[in-house]
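Trainee: Model the following, please.
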Amino acid sequence: MSMKLKPASVEKKLPDVLTHVYQREIHAQSNDSLSKIVALIPPGSAVLDVGTGSGALGRYLQAEGGYTVDGVTYNAEETALAQPHYRCVQTLDLEQQSLSQAIGESRYDVVVCADVLEHLRNAGSVLQAMAALLKPGGRVLISVPNVTHLGVLLALMAGRFVRTQEGLLDSTHVHFLDRAGLYKLVEEAGFGVVNEDAVIRNLLQTEFAALNFQVLPQEVRSFVAALPDSDIYQFIWALQPVVEPGAKADRKAALQPPPIPVVEQVPYFRAQLFQDRGDGFVERDCIDSYGTQTNTLQVLRFEVTAGDAVSAIRLDLADRPGQIEFVHLVAVDPAGVVLWKWAGDWAANLVYHQTDWTGARGWLGGRVVRLTGDDPWVQIPLAPGAWQYASHVELHVSGPQPVGHSDYPGVDAAQIQSTLQLLSEQAAARLNQLELQLDSARSLADFRQGDIDTLRRELQAATGLADFRQTDIDTLRRELQAMTGLSDFRQSDIDTLRRELQAMTVVAEAKQMALESLDVAYQHGLNEIARLQPLAAQLDVVLATLSWRVTKGPRWLFRTFKRLFVNRHDE
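Mentor: Sure thing, here's the model as predicted:
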């Protein structure tokens, strides 16, 4: 029978509202709800897509070929985007209009309701109506976000309830379902669950990656991370009707009020396996596994990606301190053949952190290992190719147990407690003393800082004075250079004077000799004077005579005439 869908243009006009177009893409093997749902649709099926969004499901099945796909969506924008990929698309408000009336007589092998029920106030009624749209043996495939995901729980404990445009806390969600709540919704709608799958995402792969959860205690984070559904982002379930549509009223009347669910919280611990593929031990290549907090041996399984590029592994044994029994760690291929095994044997090339690998065997036959902190691990190198065909790794171990005095035979726990108390008091006293010393050191540091500032100013002044002195030194250097030139010039004068002095010395010596000659002549003259002295006396007698005086006048006249006569004769 054909589907009685009307073209979108003649449908009853919906009120204008602000809507959001959900853009999706489907890729085989991807970790999202639509990619997992298409893997559950048998080839050649007639499919009704309730909530088409932008039409990703129709586009994918159209490309695959062989499918008949109709669709229903909420707003005209999504209808326009989806229409090219579906046989028919109808714009429908499932809270105001009947899905059964809109579909009419058409029946389908598969009805897909991906990420829709959480948006509907009448989710149970809409889901119940889908049973009548199935062919015999048909299924409803649903995906619903999990409100007990680790991100939501940690955000609540950190005081945050973050509503977003898409994601687990989409602002248009009116239902927030956990596993028990989803079971209740499905059963009341007349369905049974025939297949369960899930979208698994760790914290860093969600919209909560940016929140700072380090404000929470490590024990709280570890406990929440160990809850059974903490890594489930969305439930992917395949449903089939369990009652005939005509018996719906009788079944509803027979239903008893649901009891308040009792959630049994089993204590878990988390172990992690890191693989080094050349970039070190990074979060993107880390696999988590959870064990129960019991003292029985258990097997923790790590699903790994095989590859000969893995050169080393790091096993984080638990997320808390305690005592465990370690049996072995083995890598297994898809056929179950053990490829590699480590039984906790010590080797020089192993690196340990916060672990004490004792030589003792425990009650369960495993090797006793004491975990001394909240991040105990062991790093193990691998031979080339050892990991090439591994499909999973198994850790045979017991849960970490709190360490008590019974774990250390012969140790007096009371005495240890007393000693620890004394050490604690001594540590507190020492801490107070250190705080006083710290205050004193700070005061001294402030005082020293004042000295440092003063010395810095003096250094700056000295630097300025040094610059000034340097100017003086440069001036003196120039003057010295000038004096050196003058000295050279003076040296020439000195040499000249020295030559003149030598010449003057020769002259002086000549004059000395002349003086000595004059002295001899003088002495000779004195001798002559002494010899002529008697003659002079005689001359004085002559001059004193009357005759000399009487002849004085004539002698004068004679000399005068002689002088005159001689001068004229010469001319």
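
Trainee: Go ahead and confirm Gly365 touches His328.
Mentor: No: with contacts counted by Cβ atoms under 8 Å, Gly365 stays clear of His328, the gap being 11.0 Å. Just so you know, the C-beta spots here come from the backbone N, C-alpha and C atoms, and that holds for glycine as well.

Trainee: more neighbours, those two?
Mentor: It is His328, of Gly365 and His328, that has more neighbours when counted by other Cβ atoms under 10 Å, with 16 against 9.

Trainee: and that one, helix, strand or coil?
Mentor: For His328, the assignment made with DSSP: H, G, I helix; E, B strand; the rest coil gives strand.

Trainee: Give me the distance between the spatially closest residue to Asn122 that is not a sequence neighbour and Leu117.
Mentor: Closest residue in space to Asn122, ignoring its immediate chain neighbours: Glu95 at 5.8 Å, by Cβ to Cβ, 6 or more residues apart in numbering. Spatial separation of Glu95 from Leu117 under the definition Cβ to Cβ, to the nearest Å is 12 Å.

Trainee: So if I had to pick from the two, which one is more boxed in?
Mentor: Leu117 (27 against 14).

Trainee: Test my guess that Val378 contacts Ala347.
Mentor: No: contact status for Val378 versus Ala347: not in contact, 10.6 Å apart, counting by Cβ under 8 Å.

Trainee: Of those two, which one has the most company?
Mentor: Here Val378 and Ala347 are set side by side on neighbour count (other Cβ under 10 Å), and the busier one is Val378, at 21 against 8.

Trainee: which residues does the more buried one contact?
Mentor: When the contact criterion is Cβ atoms under 8 Å, 6 or more residues apart in numbering, the partners of Val378 are Arg314, Leu315, Leu317, Leu350, Val351, Tyr352, His353, Thr355.

Trainee: can you do 7 Å?
Mentor: Contact partners of Val378, counting by Cβ atoms under 7 Å, 6 or more residues apart in numbering, are Leu315, Leu350, Tyr352, Thr355.

Trainee: and the residues you listed, which are buried?
Mentor: Of all the contacts of Val378 considered here, the ones buried according to neighbour count by 16 or more other Cβ atoms under 10 Å are Leu315, Thr355.

Trainee: want to try TSV for the contacts of Val378, with pLDDT as columns?
Mentor: What follows is these, written out as TSV (pLDDT from 0 to 100):
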residue	pLDDT
Leu315	95
Leu350	83
Tyr352	90
Thr355	90
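
Trainee: so of the contacts of Val378, which ones are in helices?
Mentor: Cross-referencing these against helices under DSSP state H gives no overlap.

Trainee: so of the contacts of Val378, which ones are in strands?
Mentor: Counting by DSSP state E, the part of the contacts of Val378 found in strands is Leu315, Tyr352, Thr355.

Trainee: element containing Arg498?
Mentor: When secondary structure is defined using DSSP states H and E, the element that contains Arg498 is helix 413-543.

Trainee: what's that helix packed up against?
Mentor: Where contact means 3 or more Cβ pairs under 7 Å, 6 or more residues apart in numbering; DSSP states H and E, helix 413-543 is not packed against any helix or strand.

Trainee: and for the next helix or strand after that helix, what are the contacting residues?
Mentor: Per DSSP H and E, helix 413-543 leads on to helix 546-550 as the next helix or strand towards the C-terminus. Helix 546-550 is touched from outside by Val542, with contacts defined as Cβ under 7 Å, 6+ apart.

Trainee: quick one: helix 546-550 to chain centroid distance?
Mentor: Helix 546-550 sits 149 Å away from the centroid of its parent chain (Cα atoms, centre = their mean, to the nearest Å).

Trainee: can you check stretch 93-107 too?
Mentor: With Cα atoms, centre = their mean as the basis, stretch 93-107 stands 54 Å off its chain's centre.

Trainee: Once you drop chain neighbours, what's closest to Val224?
Mentor: With sequence-adjacent residues excluded and distances taken as Cβ to Cβ, 6+ apart, Val224 is closest to Leu153, at 5.0 Å.

Trainee: okay, the helix or strand the one you found falls within in CSV with CA atoms only?
Mentor: With elements taken from DSSP H and E, the one containing Leu153 is helix 150-157. Provided in CSV are the C-alpha atoms of helix 150-157 (Å, rounded to 0.1, in the frame of the first residue of the first chain):
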residue,chain,number,x,y,z
LEU,A,150,30.5,10.6,32.8
GLY,A,151,30.4,14.1,31.4
VAL,A,152,26.9,14.9,32.7
LEU,A,153,27.6,13.4,36.2
LEU,A,154,30.9,15.2,36.6
ALA,A,155,29.5,18.5,35.4
LEU,A,156,26.7,18.2,38.0
MET,A,157,29.1,17.5,40.8
